[in-house]
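K.L.:
fold the following, please.
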Amino acid sequence: MNDSVSRLELLVDDLVFPEAPRWYDDSLWVSDIHAHCVVRYDESGALIARHPFGDRVSGLGHMPNGDALVVSMLDRRLLRFGSGAPTVHADLSPFCDGFLNDMVVDSRGYAYVGARNPGGGHEGPLDAVILATPEGEVRIAADAMQSPNGSVVTPDGSTLIVAETSQARLLAFTITDDGSLRDRRVFAEVPGRSPDGICLDAEGAIWFGSPANAEFVRVHEGGRVSQTITTTPDRWAVACALGGHDGHSFFAVTGVNSVANITRMGSDRNLDVTSEATGQVWVTRVDVPASG
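P.N.:
Numbers count the residues shown, from 1 in each chain. Now for the predicted structure:
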């Protein structure tokens, strides 16, 4: 089933480059990469809080006590914040020569972070998924990755699913008792698409944003696509989350002029204030609610 952009209702339109939407504690959390902040909204799109940082931020998650974790991309650290000032939860720089990207945190507080290294992505399997334990200890969980991006953990805590954007596929791993990953396997091949940020629904299907295709896609294990929601050709379909009061709200994050600004600014975060990109959060209703 293909649904047009008319299904999407604009919720937030004053972001720069939004990423990593998460529904937690009855609210929507979003990282605004080039604005160097995490923002939190209620279900109607009203701003609850804005948390500023000194670096680009991406992947989001929460610890069992409710503290938030956010990826500090160029500093290659995980920052932890709650009611006080952010602190360094883990330093991942010894295991990453490039930048950190998206992340998922499981119910025990194990964080799985996508690490991008020079020569990785399209050029070769040099990227990784890095594990940060609840105590802040760090090790490589999966090497030989290519552009690891959005990731989720199944509600029973047994499986990690991670998108490999440049490879047009999603991989699955079994999670062991100590947080290690084994049994690498393909969850779904999605040829012609570029899975970015992802979320999991109650039927075990994955929703993902496919930026270049300007669409959000629902795919099942094995690769069957059951639904797509298109944006417009000028809007990157970046990432998505399921949530809301009943789990049936689908939050879709988009960006305009994102590619041109990423190319121009490169790794110089001081140029981020010059970004001409704009980002939005949209919402629609879906039949299958969020997992868990």
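K.L.:
drop to CA atoms for contacts and neighbour counts, all remaining ones
P.N.:
Fine.
K.L.:
CA atoms only for stretch 105-112, dumped as PDB, please.
P.N.:
Extracted C-alpha coordinates of stretch 105-112, given in PDB (Å, rounded to 0.1, in the frame of the first residue of the first chain):
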ATOM      1  CA  VAL A 105      19.800   1.700  24.200                       C
ATOM      2  CA  ASP A 106      18.100  -1.500  25.500                       C
ATOM      3  CA  SER A 107      16.100  -1.900  28.700                       C
ATOM      4  CA  ARG A 108      19.200  -2.900  30.700                       C
ATOM      5  CA  GLY A 109      21.100   0.200  29.700                       C
ATOM      6  CA  TYR A 110      23.400  -1.400  27.000                       C
ATOM      7  CA  ALA A 111      24.000   1.200  24.200                       C
ATOM      8  CA  TYR A 112      24.800   0.100  20.600                       C
END
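K.L.:
centre of the chain to that stretch, how far?
P.N.:
Distance, stretch centre to chain centre, for stretch 105-112: 14 Å (CA atoms, centre = their mean, to the nearest Å).
K.L.:
repeat for stretch 175-190
P.N.:
Worked out by CA atoms, centre = their mean, stretch 175-190 lies 17 Å from the chain centre.
K.L.:
what are the buried residues along that stretch?
P.N.:
Across stretch 175-190, burial judged by 16 or more other CA atoms under 10 Å covers Ile175, Gly179, Ser180, Leu181, Val186, Phe187, Ala188, Glu189, Val190.
K.L.:
next one: stretch 230-238
P.N.:
Within stretch 230-238, the residues that count as buried by 16+ other CA under 10 Å are Thr230, Thr231, Arg235, Trp236, Ala237, Val238.
K.L.:
repeat for stretch 193-212
P.N.:
If you call a residue buried by 16+ other CA under 10 Å, then stretch 193-212 has these buried ones: 193-201, 204-212.
K.L.:
after the lowest-mean-pLDDT helix or strand in the chain, which helix or strand is next?
P.N.:
Using mean pLDDT, DSSP states H and E, the weakest-scoring helix or strand in the chain turns out to be strand 2-3, at a mean of 55. The first helix or strand that comes after strand 2-3 along the chain, using DSSP states H and E, is strand 9-15.
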